[in-house]
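Visitor: Below are the sequence and a predicted model for it; my questions follow.
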Amino acid sequence: MRRVLQRPFFDRPTLVVAEELIGKFLVRERDGVVTPYMLTEVEAYDGPKDKASHAFRGRTPRNAVMFGPAGVLYVYFCYGMHHMLNVTTGPEEYPAAVLIRGVQGVVGRGRLTKALGITRELDRLPATKANALWFEDRGVMPSRAIRRTGRIGVAYAGPLWSKRRYRFVWKD
DNA sequence: ACGATGATGAAC
DNA sequence: TTCATCATCGTA
């Protein structure tokens, strides 16, 4: 079984998409080489009231893609040296996305994008076509023991938002 | 614990 | 046009 995840998968509540992405595969094609990576760590950024989300202060040129349709890549540059990879979720006009924090063998968002060669060239590209970067269901059963924790690196948003268990990690 | 390093967005 | 901030990481 090998199925490219389509818009209906992403066009659901962000927390549902985030949890279900664990155990799915992020597939990267570079120079004709296709490499699958099983997703092990993600975070949800959910709606205009989420103080930790880029969308909290409304639509800007950078975050506009979060307000668009689901299943689109959102890649941005942070701390002057790291690229962050997200995929948009939920209906149009509702700003939400899932941050990809780790895959099997590569932990950490900055490291992940560096290892897979992900830059803003991929920003705003659809994640639903088998081209450059996409997601697949390869039939791996999601672990029943997915761990849920607060999100990392968002203390500035205050305890209410940083402690919400919007982070999903494969049980290992 | 802290510096690197630059895009971003808000203020002026 | 400035300026503080930042969904981080490596070194100490």
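Guide: Nice, thanks for sending it over.
Visitor: near DNA strand B, anything from stretch A:138-157?
Guide: No. Stretch A:138-157 does not reach DNA strand B (CB under 7 Å from any atom of the strand); its nearest approach is 11.0 Å. All C-beta spots, glycine's among them, are computed from the backbone N, C-alpha and C.
Visitor: now that stretch: how far from the chain's centre is it?
Guide: Centroid displacement of stretch A:138-157 relative to its chain, using CA atoms, centre = their mean, to the nearest Å, is 11 Å.
Visitor: Enumerate the positions of it that are buried.
Guide: For stretch A:138-157, a neighbour-count test (16 or more other CB atoms under 10 Å) marks A:146, A:150-151, A:154, A:157 as buried.
Visitor: Of those residues, which pair is most distant in space?
Guide: Using CB to CB, the buried residues of stretch A:138-157 reach their maximum pairwise distance at A:Ile146 and A:Ala157, which is 23.0 Å.
Visitor: From one end of stretch A:38-52 to the other, what's the distance?
Guide: 26 Å (CA to CA, to the nearest Å).
Visitor: same question, stretch A:76-92
Guide: Stretch A:76-92: ends 20 Å apart by CA to CA.
Visitor: Would you indicate which residues of it are buried?
Guide: Buried residues in stretch A:76-92, defined by neighbour count with 16+ other CB under 10 Å: A:83-90.
Visitor: Do that stretch and DNA strand C come into contact?
Guide: Yes. Using CB under 7 Å from any atom of the strand, we find that stretch A:76-92 touches DNA strand C at A:78-82, A:84, A:86.
Visitor: So which of those residues would count as near DNA strand B as well?
Guide: When contact is defined as CB under 7 Å from any atom of the strand, those meet DNA strand B at A:78-81.
Visitor: and stretch A:30-44, what's its mean pLDDT?
Guide: Across stretch A:30-44, pLDDT averages out at 96.
Visitor: With stretch A:57-65 instead?
Guide: Throughout stretch A:57-65, pLDDT has a mean value of 97.
Visitor: check whether it contacts DNA strand B.
Guide: Yes. Judged by CB under 7 Å from any atom of the strand, stretch A:57-65 and DNA strand B are in contact via A:57-58, A:60-63.
Visitor: Now the buried members of the residues you listed.
Guide: Buried subset of the residues of stretch A:57-65 next to DNA strand B (neighbour count, 16+ other CB under 10 Å): A:Asn63.
Visitor: Now tabulate the residues of stretch A:57-65 next to DNA strand B in TSV and tack on distance to DNA strand C.
Guide: Formatted as TSV, those follow (distance: CB to the nearest atom of the strand, whole Å):
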residue	distance to DNA strand C
A:Arg57	10
A:Gly58	13
A:Thr60	11
A:Pro61	13
A:Arg62	10
A:Asn63	7
